[in-house]
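# Sharing a sequence plus its predicted fold:
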Amino acid sequence: MFKKLFGKKEVEPETIASPINGKIVAIENVPDPTFGQKMIGDGLAIDPTDGHVVAPVSGKIVQVFPTKHAFGIETTSGAELLIHIGLETVAMNGEGFTAHVKEGDHIKVGDPIIDFDLDLVKEKAAHSITPIVITNHDSFSLEKQGEGDAKTEAGITPLFVVKAK
């Protein structure tokens, strides 16, 4: 009886949707060792077809990089999600990026987060591929839902399910 009252609360698994329209790419195929070798986390990437990024899960915005090329979300289960728009986009110094959220904002799936000029990213950055990773993946199991050129719809297509270990 006391275990039911005082035991560890079971955290429900959370589905992480695609934050952007495009095609799914295995994280190992991201042409940057920081992401491709899972140095900062595990997940998937999207090769985007437009520049509209939405919340892939409900939670809280914990960081919006000053250059607006990346942001972090803490989900309701405590998973830390990093969405990094393109590769080497930090060098663009925010050019072509517009943020619709700020640190501390509570968001739900589908809320607008960042808009960016995809053509400008393709012109000025190393790549437009967008990694979506769980940075505290040691505390969570990931069940990937899709890989290999599957098309995604922002805020709708499930990428992976995370569950606290």
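Good, I have the coordinates. In this text, all values refer to a predicted model and were calculated from it rather than measured experimentally.

# Find the helix or strand that Thr98 is a member of.
Element membership for Thr98 (DSSP states H and E) is strand 97-99.

# Packing partners of that strand?
strand 112-116 (3 or more Cβ pairs under 8 Å, 6 or more residues apart in numbering; DSSP states H and E). Yep, even glycine has a C-beta here, placed from its N, CA and C like the rest.

# which regions of the chain sit below the pLDDT cut-off?
Confidence mapping of the chain against pLDDT under 70 gives the ranges 1-10, 147.

# pull the longest helix from it.
Taking DSSP state H as the criterion, the chain has its longest helix at helix 118-124.

# Would you tell me what the next helix or strand after that one is?
Toward the C-terminus from helix 118-124 - assigned by DSSP H and E - lies strand 130-134.

# Contacts for the helix or strand following that following strand, please.
For strand 130-134, the following helix or strand on the C-terminal side (DSSP H and E) is strand 140-144. Residues outside strand 140-144 that contact it (Cβ atoms under 8 Å, 6 or more residues apart in numbering) are 42-44, 77, 79, 134, 159-165.

# partners of strand 140-144 in the sheet?
Strand 140-144 sits in its sheet next to strand 158-164 (antiparallel), going by DSSP bridges.
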